[in-house]
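>>> okay, here's the prediction I keep looking at, along with the sequence it came from:
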Number of protein chains: 2
Amino acid sequence: MSKQEISVQPSGGCCAPISISALDETQAAEGAAVFKALSDPIRLRLMSIIASAGGEICVCDLTGQFDVSGPTISHHLRVLRQAGLVDCERRGTWVYYWSLPERMQWVSALLSIPEPALIS
Amino acid sequence: MSKQEISVQPSGGCCAPISISALDETQAAEGAAVFKALSDPIRLRLMSIIASAGGEICVCDLTGQFDVSGPTISHHLRVLRQAGLVDCERRGTWVYYWSLPERMQWVSALLSIPEPALIS
DNA sequence: CCGCTGATTAGATGAACTTCTACATAGTGG
DNA sequence: CCACTATGTAGAAGTTCATCTAATCAGCGG
């Protein structure tokens, strides 16, 4: 896995929270792409299950928790992967996914409101 | 403004970060709705301009910064409003928008990775 | 009261997205 | 080498979304 695909290239979480300064078009495009990946209820729940799994989790343990077909889960996992939020690896018959905390934290920081901002 | 519309009812930012525990279907639906509002480059940039304005900002100061028509900006602002991320008020001829930090911080907290989680 | 400007609403159109079924690929084990 | 299981890919169908133009609403000034 981790194959080369046309995906959002993480430019490195490098911009100030939006409560501090506005985003330029490039930053907005990258941020919006990540938010789009999280904008589906199934994907957000998938992301939360993977992120809270503490390590990695097998696709076979994900599929059963949703009322959609396997290919649909597969599709959603690819979207999360292309957004840089998770990565995966095949080991034998099974494929394991884990979350990429840096990416999550970058998006979190984008929306955060620093203490100084709360005071002013 | 602040009219009654079918929108995402903020249930109060009340769930743990997804790196700690998975979301149930209801929480995922509410979270995904907010992320969807932020999933468009124009909307995310609008949000960042409003949030970093320090107070409120007139629609007339927003429209000129984008290459889309006025009605399109209006549409995007409504989406942000329905997601509970901004609110607005008409004063005379002009309409002013401001950000709702609580909502922003709730979403930010959802994706945050608490210190203890980084250690374990 | 009428025209003007700012902003939103309504309706239409083309693109993107979610989901499915059918099929393909990867790996295990007899 | 073949059957079987776990995932992923391809393509299609229905729905949602972003955007535009045209029309409407709100407030100001003559």
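Received the coordinates, thanks. Model, not experiment: these values are computed from the prediction.

>>> DNA strand C contacts on chain A?
A:36, A:39-40, A:42-43, A:67-69, A:71-72, A:75-76, A:79, A:90, A:92-93 (C-beta under 7 Å from any atom of the strand). (Each C-beta comes from the backbone N, C-alpha and C, glycine too.)

>>> so which of these is the most crowded?
The residue in these with the most neighbours, by other C-beta atoms under 10 Å in any protein chain shown, is residue A:43 (23 neighbours).

>>> on that earlier part again, so which of the residues of chain A next to DNA strand C belong to helices?
A:36, A:42, A:43, A:71, A:72, A:75, A:76, A:79 (DSSP state H).

>>> where exactly do the helices run in chain A?
Ranges of helices within chain A are A:25-37, A:41-51, A:60-63, A:70-82, A:101-111, A:115-119, based on DSSP H.

>>> buried deepest among those helices, which one?
helix A:41-51 (a mean of 25; mean count of other C-beta atoms under 10 Å in any protein chain shown).

>>> quick one: mean pLDDT over that one.
Average pLDDT, helix A:41-51: 98.

>>> one step back: the ones in helices among the residues of chain A next to DNA strand C: which ones sit near chain B?
Residues of those in contact with chain B (C-beta under 8 Å from any C-beta of the partner chain): A:36, A:42, A:43.

>>> ok, those vs DNA strand D, which is closest?
residue A:36 (8.6 Å; C-beta to the nearest atom of the strand).

>>> now do the closest residue to the closest one other than its chain neighbours against residue A:45, distance only.
Take residue A:36 and drop its neighbours on the chain: the residue closest to it by C-beta to C-beta, 6 or more residues apart in numbering or on different chains is residue B:39, 3.7 Å away. As judged by C-beta to C-beta, to the nearest Å, residue B:39 and residue A:45 stand 16 Å apart.

>>> surely residue A:110 meets residue A:21?
No. Residue A:110 is not in contact with residue A:21 according to C-beta atoms under 8 Å; the separation is 11.0 Å.

>>> what residues are shared contacts of the two?
Common neighbours of residue A:110 and residue A:21, using C-beta atoms under 8 Å, 6 or more residues apart in numbering or on different chains, are residue A:15.

>>> name the residue closest to the centre of chain A, please.
Compute the mean C-alpha point of chain A, and by C-alpha atoms, centre = their mean the closest residue is residue A:85, 2.8 Å away.

>>> ok, now which ones touch it?
A:34, A:37, A:38, A:47, A:99, A:100, A:103, A:104.

>>> out of those, which comes closest to residue A:25?
Of all those, residue A:25 sits closest to residue A:34, with 15.5 Å by C-beta to C-beta.

>>> so the closest one touches residue A:103, yeah?
Yes. Using C-beta under 8 Å, residue A:34 makes contact with residue A:103 at a distance of 7.1 Å.

>>> before we move on, the earlier item: pick out the most distant pair among the ones in helices among the residues of chain A next to DNA strand C.
Farthest apart among those by C-beta to C-beta are A:36 and A:71. That separation is 20.1 Å.

>>> enumerate the residues of chain A near DNA strand D.
A:1, A:3, A:58-60, A:63, A:70-71, A:73-75, A:77-78, A:88, A:93-95.

>>> re the thing from before, any common contacting residues for residue A:34 and residue A:103?
Contacts common to residue A:34 and residue A:103, judged by C-beta under 8 Å, 6+ apart, are A:83, A:84, A:85.

>>> return the distance of the first one relative to residue A:40.
Separation of residue A:83 from residue A:40 (C-beta to C-beta): 11 Å.

>>> what sits against the closest residue to residue A:49 other than its chain neighbours?
Distances taken as C-beta to C-beta, 6+ apart place residue B:22 nearest to residue A:49, at 4.6 Å, with adjacent residues excluded. By C-beta under 8 Å, 6+ apart, the residues touching residue B:22 are A:45, A:48, A:49, A:52.
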